[in-house]
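# following is a predicted model, sequence given first.
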Amino acid sequence: MAKVTVRLPDGEERQYEAGITPLQILREWRPELEAEVLLAEVNGTPFDLFRPLPEGEVTLRFLTFNDPPARDAYRHTTAHILAQAVKELFPEAKLAIGPPIEDGFYYDFDVPRPFTPEDLERIEAKMREIVAADYRLERLELPKDEARKLLEQMGETYKLEILDGLPGETVSFYRQDGFIDLVQRTAHPQHRTGEGAEVAEHLRGLLAGRRAQPDAPAHLRHLLPDGRAIARAPEAVGRSPAA
């Protein structure tokens, strides 16, 4: 059986069977830190907590909200909760991009009509349901041809455009409770990220037109680990790299 040799943050080295994840190691090494840790770093690269470590020798660190890569993963996961809520309530909505940015995140949707305040209340309630359910988050790696077929079946035309611009022969998806989205970033594995978050009355970036535009107003939500949210809608948020 293949082995993984892990150098822990305190310098200790431990050996594990192949398939071990950073989260499993954290629960064995320092379980009291689990509530604070949002992301791993493997050999200097951000790494999902629930993803099996590569075989061989690795240097492992655990990152919290104070570390920029972990903040991004935290916000990215919350963006997925928002997208799942919108798709469940408005199946006709098409997903564009939903990346973390410097002080929060946004998600652009193409919808037949603007969302009303009542719609936003429903979205908030649905997000709370998803958070409470604490669905398992899974990472999938698919060859590009399979990814294209999947996105075509889903009718996600903007994601197909994003796919065409991605390098490499395989791409990543995250899946939670039947909701699946094309991504190229790490994510936080638990949905406590969204606890207490409110969808504010200025929720925007949910497009009324037929196509997401780079200069379209976007909803920006800055979420903190204790669930508090600072919501604001800037006049314009430029596109960031694909979600």
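All right, it came through fine.
# the helices in the chain, which residues?
22-29, 68-89, 117-133, 144-154, 157-164 (DSSP state H).
# confidence-wise, which of those helices is weakest overall?
Of all these, helix 117-133 carries the lowest average pLDDT, namely a mean of 85.
# what are the buried residues along it?
By 16 or more other Cβ atoms under 10 Å, the buried positions in helix 117-133 come out as 119-120, 122-124, 126-128, 130-131. For glycine as for every other residue, the C-beta is placed from the backbone atoms N, C-alpha and C.
# closest to residue 144 out of those residues?
residue 130 (28.8 Å; Cβ to Cβ).
# wait, the closest one sits on residue 86?
No - using Cβ atoms under 8 Å, residue 130 is not in contact with residue 86; the gap is 11.0 Å.
# comparing the helices of the chain, which comes out most buried?
Of all those, helix 68-89 has the most neighbours on average by mean count of other Cβ atoms under 10 Å, namely a mean of 23.
# what's it packed up against?
Identification of packing neighbours for helix 68-89 by 3 or more Cβ pairs under 8 Å, 6 or more residues apart in numbering; DSSP states H and E yields strand 39-42, strand 45-47, strand 100-101, strand 104-105, helix 117-133, strand 170-176, strand 179-183, strand 220-223.
# quick one: it to chain centroid distance?
5 Å (Cα atoms, centre = their mean, to the nearest Å).
# between that helix and strand 179-183, how big is the angle?
140 degrees (axes from the mean of the first three to the mean of the last three Cα atoms, to 10 degrees).
# helix 68-89 to strand 170-176, inter-axis angle?
Using the same axes, to 10 degrees: helix 68-89 against strand 170-176 is 60 degrees.
# tabulate the CA atom coordinates of helix 68-89 in PDB.
This file holds the C-alpha atoms of helix 68-89, laid out as PDB (Å, rounded to 0.1, in the frame of the first residue of the first chain):
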ATOM      1  CA  PRO A  68      -6.000  35.100   2.400                       C
ATOM      2  CA  PRO A  69      -6.300  31.700   0.600                       C
ATOM      3  CA  ALA A  70      -8.600  30.400   3.400                       C
ATOM      4  CA  ARG A  71     -10.700  33.600   3.200                       C
ATOM      5  CA  ASP A  72     -11.100  33.000  -0.500                       C
ATOM      6  CA  ALA A  73     -12.200  29.400   0.000                       C
ATOM      7  CA  TYR A  74     -14.600  30.500   2.700                       C
ATOM      8  CA  ARG A  75     -16.200  33.100   0.500                       C
ATOM      9  CA  HIS A  76     -16.200  30.800  -2.500                       C
ATOM     10  CA  THR A  77     -18.100  28.100  -0.600                       C
ATOM     11  CA  THR A  78     -20.700  30.700   0.500                       C
ATOM     12  CA  ALA A  79     -21.000  31.800  -3.200                       C
ATOM     13  CA  HIS A  80     -21.900  28.200  -4.000                       C
ATOM     14  CA  ILE A  81     -24.600  28.200  -1.300                       C
ATOM     15  CA  LEU A  82     -26.100  31.300  -2.900                       C
ATOM     16  CA  ALA A  83     -26.000  29.700  -6.400                       C
ATOM     17  CA  GLN A  84     -27.600  26.500  -5.100                       C
ATOM     18  CA  ALA A  85     -30.400  28.500  -3.500                       C
ATOM     19  CA  VAL A  86     -31.000  30.500  -6.600                       C
ATOM     20  CA  LYS A  87     -31.100  27.400  -8.900                       C
ATOM     21  CA  GLU A  88     -33.500  25.600  -6.600                       C
ATOM     22  CA  LEU A  89     -35.900  28.500  -6.500                       C
END
